[in-house]
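Novice: Please work out how this folds:
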Amino acid sequence: MKRAWTLASRPAGLPNDSNFAMVEIPDAPLGADEFRVANGWLSVDPYMRGRMNDAKSYSDPFALGEPMTGGAVGTVTESNNAEFPVGAKVLHMAGWRDSVVFGGGKTPPPGMPPVKLPDIGVPDQHWLSIIGMPGGTAWFGLLKVAEAKPGEVIFVSAAAGAVGSTVTQIAKAKGMKVIGSAGGADKCAWVKELGADAVIDYKSGKVLPQLMAALQDMGETGIDVYFDNVGGEHFDAALATAKEWARFAICGMIDVYNDFKAQPMQYLPMIIGKRIMIKGFLYPDFYAQMSEFNADMAGLIQSGAVKGRETVKDGLEKAPEAFIGLFSGENTGKMLVKL
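Specialist: Alright, predicted model coming up:
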C-alpha cells in the first residue's frame, strides 16, 4: 500500500492540519512500459497555497480527496520501461506521497513529465532546490526577466528562503551588489554569509527606513533591480527606492497568500516617473532555456559560488507541517521532506 496526502478541505486563511488527510492506495502490478518510483525527497512550496483554493489560476486547483502533487526526487525500484531502469534517479511532480507509477500511457501530474536525472555530482535534494525549480526561478528571474547586470544594485526579499538565497548568491557571482531582507538575526547573519553587501531585518522595524539606510551606507542612490518574493511592504519600499528604469521581477507575494488584505501602495505612482518595468513570471516560461541554466548553475555549484541549504522534516507524516511552516518563516533555505 502506498500512502499519499490529499486535500480534505479548502483552507480559509492559513492552512491547518484539518485541511489534509492521508490515504492509502493499493499497489498494482506494473503494466507495459510502466515504472515505479520510490520517493526520497519531497518539496513543499508557497505556490501550492494558491492551488488549495477553488479558483482559476495559472495552475489547476488541487481536487478534494485526490493525492496532491509537487516536486519530488525518487529512485526507480521496479520497471518495464527501458528508458527508466531500476536504480535511475527521477525528478517529477508526483510529490506528497511515498511512491508513484509512471509510463504506460499514464498522464503525469501537471508541470512536467518525469525526468531521468543526469549524474553531475550533486546531492539528490539539490534537484529540488538550487538546480531545480527554486534555483531556476532565481536564475531566470534575475538574469532573463530583470536582465540584471554587473555593478547593479539588487534588492531581494525573503533572501533567506529557497529562491531568495539563490538569487543572492547568483547576483554576487555575477558581480552585482545585493541588499537582502530576512526575518530575524540568525537568518540575516546567514544572508550576510552568502555575500550580501547589506541585510535588513524586516522583523526589527519598517522595511523602507532600513532599505534607505543600507543604500546610504553603500554609497548608492537607489536600486536597479527588485526581486520580489514577498509583496506588501517590501514591494512598496522597492518602488520608493527604485532608480529610473529599474526592473522588478515578481516571483511571489507570500505576504498575501493567506490574508487578502489591501496592500500598501503609497509609492505606486513612482512607476510612471521612474519608468519602472514590473514583470511577473513563472518557472515553466523558461523550459526552452533549461539547458543554459543547467550548464551555468552546475558551474556555479561546482565552483562553490552557489551553495544549497535545506530545512528538512523527516517522514511523509511531516509534509503538512513542513508546508505550513513556510508561512511563519520556519525554513532557512529550501524546505524539504525526507522520506
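Novice: all contacts plus neighbour counts: C-alpha atoms, from now on.
Specialist: Fine.
Novice: Show the residue spans covered by the helices in the stretch 101-250 of the chain.
Specialist: Taking DSSP state H, counting those that start in this stretch as the criterion, the stretch 101-250 of the chain contains helices spanning 133-140, 162-173, 185-193, 207-218, 232-241.
Novice: Summarise which helices and strands the second one is packed against.
Specialist: Read it as helix 162-173. Judged by 3 or more C-alpha pairs under 8 Å, 6 or more residues apart in numbering; DSSP states H and E, the packing partners of helix 162-173 are helix 133-140, strand 153-156, strand 177-182, strand 334-338.
Novice: wait, which of the helices of the stretch 101-250 of the chain is closest to residue 11?
Specialist: Of all the helices of the stretch 101-250 of the chain, helix 232-241 sits nearest to residue 11, with 21.5 Å by C-alpha to C-alpha.
Novice: And what about the nearest residue to residue 173 once chain neighbours are set aside, helix, strand or coil?
Specialist: Spatial nearest neighbour of residue 173, chain neighbours left out: residue 305 (6.2 Å); criterion: C-alpha to C-alpha, 6 or more residues apart in numbering. Here residue 305 is recorded as coil under DSSP: H, G, I helix; E, B strand; the rest coil.
Novice: need the contact list for residue 305.
Specialist: Each residue near residue 305 by C-alpha atoms under 8 Å, 6 or more residues apart in numbering is listed here: 169-170, 173.
Novice: pLDDT wise, what is residue 219 at?
Specialist: pLDDT, residue 219: 97.
Novice: whoops, I mixed them up, residue 336
Specialist: 97.
Novice: correct me, but it touches residue 43?
Specialist: Yes - the pair formed by residue 336 and residue 43 meets the contact definition of C-alpha atoms under 8 Å, at 5.0 Å.
Novice: now the residue positioned nearest the centre of the chain, nearest residue through space, not along the chain?
Specialist: Against the mean C-alpha coordinate of the chain, by C-alpha atoms, centre = their mean, the closest residue is residue 134 at 3.9 Å. Leaving aside its sequence neighbours, residue 134 sits nearest to residue 163 (C-alpha to C-alpha, 6+ apart; 5.0 Å).
Novice: How many residues are close by the one you found?
Specialist: Other residues within reach of residue 163, judged by other C-alpha atoms under 10 Å, total 29.
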